[in-house]
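Undergrad: output the structure for:
(3 chains, ligands or ions: 5)
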Amino acid sequence: MENRPLEYDYTVTKMFMLTTIILGIVGMLIGVVLAFQMAYPELNLVLGEGLAEYTNFSRLRPLHTDAVIFGFTLSGIFSTWYYVGQRVLKVSMAESGFLMFIGKLHFWLYLVGVAAVVVSLFLGITTSKEYAEFEWPIDIAIVVVWVLFGISIFGLIGIRREKSLYISIWYYIATFLGIAMLYLFNNMEIPTILGESAAGESGIGAWYHSVSMYAGTNDAMVQWWYGHNAVAFGFTVPIVAMIYYFLPKESGQAIYSYKLSLLSFWGLMFVYLWAGGHHLLYSTVPDWVQTMGSIFSVILILPSWGSAINMLLTMKGEWQQVAASPLIKFMILASTFYMFSTLEGPIQAIKSVNAIAHFTDWIVGHVHDGTLGWVGFMIMAALFHMAPRVFKREIYSKSLMATQFWIQTLGIVLYFTSMWIAGITQGMMWRAHDEFGNLAYSFIDTVTILHPYYTIRGVGGLLYLVGFLMFSYNIYKTMSARPVEESELQSASPMGA
Amino acid sequence: MFHWLEKHPFFFAVGVFLTVAFAGLVTILPNFAQSSRPVIGTAPYSTLELAGRHVYIKNSCNACHSQLVRPFKSETDRYGHYSLSGEYAYDRPFLWGSKRTGPDLMRVGNYRTTDWHENHMKDPSGVVPGSIMPAYRWMFTNAADIDTAFAEQLTVAQFFSVPYNKPVPMRDGSTMVVKMGSSLADANVLALAEAKVIVEDMKDQDVKDAVANGKIPEIVALIAYLNSLK
Amino acid sequence: MNKIYLWGIVITVAMLGFTYMSVGMSEGGLNGDIVNMLTVAAAISLVVITVFVVIKYVRQMQTDTADGQLADEQWDGVGEYLNEVPKGWAIMFLLTMVWGMWYFIAGYPVNSYSQIGEYNEDVAVHNAKFEAQYASITGDRLVEMGESVFIAECKICHGLKADGIDGKAANLNQRIEAKTVKFAIENGSNNHLLGSEMPMPDRNGLFNTNTGSLITDAEIDVVSAYVANGMTGTGADVFVGTCAACHGEDGKGMEYVAPSVATFSPALVTNILNHGKKGAIGKMPAFDRLNAKQKEAVGAYITSLSN
Ligand code: HEM
Ligand code: HEM
Ligand SMILES: [Ca+2]
Ligand SMILES: [Ca+2]
Ligand SMILES: [Cu+2]
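TA: Ligands and ions are numbered 1, 2, ... in the order given. As a prediction, the model looks like this:
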């Protein structure tokens, strides 16, 4: 009895793996549609004039962002939590009926939330705040889901056998706390059914409609304090949690430096929250807030790079693995893209650079360096690593995985180079004055010139989507591939040809 | 100390929370009251304008359009005076946007007109060759939600003391009163009166007929809102 | 040379090439605008820094072997080395923090910067340059300048060719269209075309002195066509009998009485830009954000179109 390895229970992990894949496909498919709509606006009518209200760019855009953030990324976070959590805390979900129940409830309520979001966004029910579009009834559902996630985290920690917390757990805890705080404050809103007319009528109008507690500049400050840190606690912190577990695990290497982990973590926690002002440069928020945002963004490079460097150096002496294993390739490229976007961000946060970059496609390029290269690659790598272990099967095809890697890498390169050029071009054209001191271009000139770049971006996005479909297929086939022995699974994942 | 925290999850979590929470307070609170004081000349939205604002939000126009003129010569040349904080005092939510796929709309009411919007919303590339903006034809038939706009007026008047039915100072020294209905029926009457002014400058016969019959299509509310952006 | 450096250089050169292309393509590119320069410099350093830092660590990975002292603990088999933090990283972190404090406290203290102040200085410089060079230009240069204003501001409604895009705005290649004339006669006109309030009466105030009665439907059509055709064809008699009192026999208008309906002039256009215009087609907005010289110039350009 004593020596038998713990039987981890991956039921909830598997459930969230499924939504990671499905919502990933949906979100990215919509992304590709959006990208081509910008190049070929006739595509706003893809399903005909009658459905144009639901298929036009502006209705679909929030669906894309929310599907990939709250669908794909969040599912990936949850699914890895239910995997990594058990293993580094050395407890099984099977040991606690309560936590098992919470885990399943977490999943099903999450699914209800997702369905509500999809329906409401298609109907145009939105508060317009980016990444916080949901009206108050959905906010409440989200809070409940989040609380369940919290119970699951602290519950598992409560019954742990491993006394001290592994680095990944630090980051999962931070994810939980950070999002909880940010989401609550940014969604302070008053339902308008509370309004009462002079004639004594109340409960007027749409029951789900609400109005923000903050007005104008204050609303903007709260929103971007949230928005920036949604990036921090949605796209950075939990993904770092993943790489700190999956890279050493897959490669069989030990973490390069505990001290570096420590400094990067606390540095990141402290610095990130100050940088939100970089979304509001040259706006009407006070000058000092903007300056603060700018300065802290530059400082932020270091704690960000700390983790990335730690990961690269963890591969010390094991260079051949990067060449041999597509799974390691994904993770190394992810951390490289993490470095790229956390250098790009601070550069765009410098006021005079932001004067050009803000409002342009360069920002969109930056977003997708991070999300496609870092978030997407890391989540797929995590699923690739987990699949053999949760399904007890070898990965269906290594060569498919390698092909996918190169297709997607090419896709990302096309995406960010085209948006980089488009953004700088547009930013400069907006500023340009001609020899008479008049504006050199009317706005539409700065739109039509971007057509080729929008097309290239669409192609890049399509390649990424194709890669993601290959990934989905590979995982799907893995479920029926050759079974493997549990004991083989110490480090490198077993892969079929 | 850190190693100790790593063995005591509760204190670890408290530590993380404090580290994280502190920055928000320091950056947001100091100017909170000052940032939301209206500048002279800024009036709350009328019922129809607010309904139009909801149409704008419903269709995520803010995904492509900003409403924030930054203090650069090139922007004030293109869009007019740079934005002032107090001009947004009645904007809940704010609609600054973060991407300019289309032009800024902060002051579009100054240099575009009802008939132009009508043509443009129906077929953007028919008016501006090469435009990649989607056409919004369903707005010509969908009815605007006046009730919800009225509910919002009531709510903001009640909870945030937004000055409806009260004199608001204008730039030329005069004052202006933005009316809010005393009942739902009254609010609909007010909105319809506003709508009639807008459709006078419109061409679409179906829209004109609808308003004549007491219905307000979304496009009319939206144009009222766009015209109010000055 | 090491293959990996070669790749680094290839990637760097490619990105720089792309950036150069993009900048070269836009007229406003590297024209000494400090903001443009900084942006390009930033874009370049972004690539260079990432590529070379990654190369540094990859090289280190290739040559180094994993060693150092392992910590006692392990989590699911994952261990940790007790290695020191990389020196370069630690130093940079410290330096940026010191720099941040310096910036905020000593370099550019909070109360000594105002973005509006910066804007005002910028505008003053721009306007001074503009005044010195262009305040007094005339003739063809003025028309050219007007064309530049037209393309940035007016073509959205009037079209690149100023043809009004299928009747969505006025066709500016001719002074006036028949339906606009007809609309003015039937409804009168009150658009401050002379720069001040001076309305034209509607058809109930327009006597044809030839017939001694109010202008008739048939006469309206005839005279509208006559004016729209550049004061040629039939209808001259109606015009002389009804309109010439105010607009002059040649239709060129009279100061303080009525505007020219035969030709555009910079003054007429300026008045329209100052007050906007509401007519048969729709509404033309006023353009407060153009300065007097720009209005004069675009007026000259429009005048040149129909000559
Ligand atoms: C050191 C770290 C980073 C800094 C300082 C930073 C800075 C910035 C800046 C300056 C903007 C543009 C704001 C604007 O002008 O509109 C931006 C936008 C954005 N960044 Fe980052 N960034 C960083 C890392 C990342 C990472 C790793 C990701 C994602 C994986 C990311 C995702 C985004 C997103 C989604 C936006 C768009 C927000 C919007 O909707 O406008 N950033 N970031
Ligand atoms: C197949 C891949 C994808 C394509 C083709 C794609 C395409 C797009 C397009 C066209 C936009 C709108 C840009 C604009 O308004 O100018 C967009 C926005 C965005 N996408 Fe994606 N996307 C993809 C994948 C992803 C993924 C995987 C994520 C996150 C994990 C993501 C996150 C975002 C975010 C946060 C924005 C908003 C950016 C902003 O507001 O600045 N995308 N995407
Ligand atoms: Ca909400
Ligand atoms: Ca955005
Ligand atoms: Cu940010």
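Undergrad: tell me the contacts of A:Met102?
TA: I think there's a mix-up here, since residue A:102 is Ile and not Met. Applying C-beta atoms under 8 Å, 6 or more residues apart in numbering or on different chains, we find A:Ile102 in contact with A:148, A:151-152, A:155. In short, each C-beta sits where N, CA and C put it, glycine included.
Undergrad: list the contacts of residue 226.
TA: Reading this off chain A. A:129, A:131-132, A:182-183, A:185-186, A:276.
Undergrad: wrong chain, I was asking about chain C
TA: Residues in contact with C:Tyr226 (C-beta under 8 Å, 6+ apart) are C:232-236, C:238-239.
Undergrad: helices - which of those residues land there?
TA: Mapping the contacts of C:Tyr226 onto helices (DSSP state H) picks out C:236, C:238.
Undergrad: quick one: which of the contacts of A:Tyr226 is most hemmed in?
TA: Within the contacts of A:Tyr226, most neighbours by other C-beta atoms under 10 Å in any protein chain shown means A:Gly276, with 29 neighbours.
Undergrad: just to revisit the earlier point, now, among the contacts of A:Tyr226, which is nearest to ligand 2?
TA: Comparing those against ligand 2 with C-beta to the nearest ligand atom places A:Tyr131 closest, at 7.1 Å.
Undergrad: that closest one sits in which helix or strand?
TA: Using DSSP states H and E, A:Tyr131 falls within no helix or strand.
Undergrad: so for it, what's the nearest residue that isn't a sequence neighbour?
TA: Excluding the flanking residues, the one nearest A:Tyr131 by C-beta to C-beta, 6 or more residues apart in numbering or on different chains is A:Ala230, at 5.1 Å.
Undergrad: where along the stretch 101-250 of chain C do the strands fall?
TA: C:207-208, C:213-214 (DSSP state E, counting those that start in this stretch).
Undergrad: does the helix or strand of chain A with the lowest mean pLDDT reach chain C?
TA: Least confident helix or strand, chain A: helix A:319-324 with a mean of 88, by mean pLDDT, DSSP states H and E. Yes - applying C-beta under 8 Å from any C-beta of the partner chain, one finds that helix A:319-324 is in contact with chain C at A:319, A:322.
Undergrad: returning to what we had before: so the residue nearest to A:Tyr131 makes contact with A:Thr175?
TA: No - using C-beta atoms under 8 Å, A:Ala230 is not in contact with A:Thr175; the gap is 10.8 Å.
Undergrad: burial of A:Val94, as a residue count?
TA: Residue A:94: Ala, not Val. Residues near A:Ala94, counting by other C-beta under 10 Å, number 15.
Undergrad: three-state assignment of it?
TA: Of the three states, A:Ala94 takes helix under DSSP: H, G, I helix; E, B strand; the rest coil.
Undergrad: for the residue of the stretch 51-200 of chain A found nearest ligand 3, give its distance to B:Ile146.
TA: Nearest residue of the stretch 51-200 of chain A to ligand 3: A:Asn187, at 4.0 Å (C-beta to the ion). Separation of A:Asn187 from B:Ile146 (C-beta to C-beta, to the nearest Å): 26 Å.
Undergrad: higher neighbour count, these two?
TA: B:Ile146 (26 against 23).
Undergrad: quick one: residues contacting the more buried one.
TA: For B:Ile146, the contact set (C-beta under 8 Å, 6+ apart) comprises B:47-48, B:51, B:187-188, B:191, B:216, B:221.
Undergrad: same check on B:Gln34?
TA: Under the criterion of C-beta under 8 Å, 6+ apart, the contact list for B:Gln34 is empty.
Undergrad: which positions in the host helix or strand of it come out as buried?
TA: Taking DSSP H and E as the definition, one finds B:Gln34 inside helix B:32-35. Neighbour counts over helix B:32-35 (16 or more other C-beta atoms under 10 Å in any protein chain shown) mark B:Ser35 as buried.
Undergrad: quick one: is the helix or strand that that helix is followed by near ligand 3?
TA: Downstream of helix B:32-35, the next assigned helix or strand under DSSP H and E is helix B:47-58. No - interface with ligand 3: helix B:47-58 contributes nothing (C-beta under 5 Å from the ion), its closest point being 12.3 Å away.
Undergrad: so what pLDDT did C:Met25 get?
TA: C:Met25 is assigned 62 on the pLDDT scale.
Undergrad: tell me the mean pLDDT over the helix holding B:Gln34?
TA: The model assigns helix B:32-35 a mean pLDDT of 77.
Undergrad: over to stretch C:183-198?
TA: Rounded mean pLDDT across stretch C:183-198 is 93.
Undergrad: go on, stretch A:444-452?
TA: For stretch A:444-452, the mean pLDDT works out to 95.
Undergrad: and what of stretch A:33-49?
TA: 95.
Undergrad: distance between the ends of it?
TA: End-to-end distance of stretch A:33-49 (C-alpha to C-alpha, to the nearest Å): 16 Å.
Undergrad: give me every residue in chain A lying close to ligand 1.
TA: Residues of chain A lying close to ligand 1 by C-beta under 6 Å from any ligand atom are A:130, A:227, A:231, A:235-236, A:275, A:278-279, A:297, A:300-301, A:304, A:341-342, A:345-346, A:348-349, A:354, A:357-358, A:363, A:366-367, A:370-371, A:374-375.
Undergrad: filter those residues by proximity to ligand 2?
TA: When C-beta under 6 Å from any ligand atom is applied, the members of these adjacent to ligand 2 are A:363, A:367, A:371, A:375.
Undergrad: host element of the second one?
TA: Element membership for A:Val367 (DSSP H and E) is helix A:361-368.
Undergrad: contacts for that helix?
TA: A:341, A:344-345, A:348, A:356-357, A:412, A:415-416, A:418-420, A:422-424, A:426-427, A:450, A:453, B:98-99.
Undergrad: for stretch C:184-203, same thing?
TA: C:205-206, C:214-215, C:220, C:223-224, C:246, C:256-259, C:267-268, C:270-272, C:274-280.
Undergrad: what is the burial count for the residue nearest to C:Ile165 when sequence neighbours are not counted?
TA: Once flanking residues are discounted, C:Ile165 sits nearest to C:Gly159: 4.3 Å by C-beta to C-beta, 6+ apart. The burial count assigned to C:Gly159 is 19, neighbours taken as other C-beta under 10 Å.
Undergrad: list phi and psi for C:Gly159.
TA: Main-chain torsions, C:Gly159, degrees, to the nearest 10: phi 90, psi 150.
Undergrad: the single nearest residue of chain A relative to ligand 2: neighbour count?
TA: Proximity of chain A to ligand 2 (C-beta to the nearest ligand atom) peaks at A:Gly461, 2.2 Å away. A:Gly461 has 25 neighbours, counted by other C-beta under 10 Å.
Undergrad: pLDDT score for it?
TA: For A:Gly461, pLDDT reads 98.
Undergrad: what of C:Val54?
TA: In this model, C:Val54 is scored at 86, pLDDT.
Undergrad: that one: what secondary structure?
TA: State at C:Val54, reduced to three classes by three-state DSSP: helix.
Undergrad: the residue of chain B found nearest chain C: helix or strand, and which one exactly?
TA: Closest approach between chain B and chain C, counting by C-beta to the nearest C-beta: B:Asp115, at 3.2 Å. Per DSSP H and E, B:Asp115 falls inside helix B:114-122.
Undergrad: do that helix and chain A meet?
TA: No - Helix B:114-122 lies out of reach of chain A by C-beta under 8 Å from any C-beta, never closer than 11.7 Å.
Undergrad: so what's the residue in the stretch 151-300 of chain C that chain A sits nearest to closest to, chain neighbours aside?
TA: Closest residue of the stretch 151-300 of chain C to chain A, C-beta to the nearest C-beta: C:Ala152 (4.2 Å). If the residues on either side of it in the chain are set aside, C:Ala152 comes closest to A:Leu439, at 4.2 Å by C-beta to C-beta, 6+ apart.
Undergrad: so that neighbour bridges to which residues?
TA: Counting by DSSP bridges, A:Leu439 is bridged to A:His433.
Undergrad: how much space separates it from A:Gly460?
TA: According to C-beta to C-beta, A:Leu439 and A:Gly460 sit 31 Å apart.
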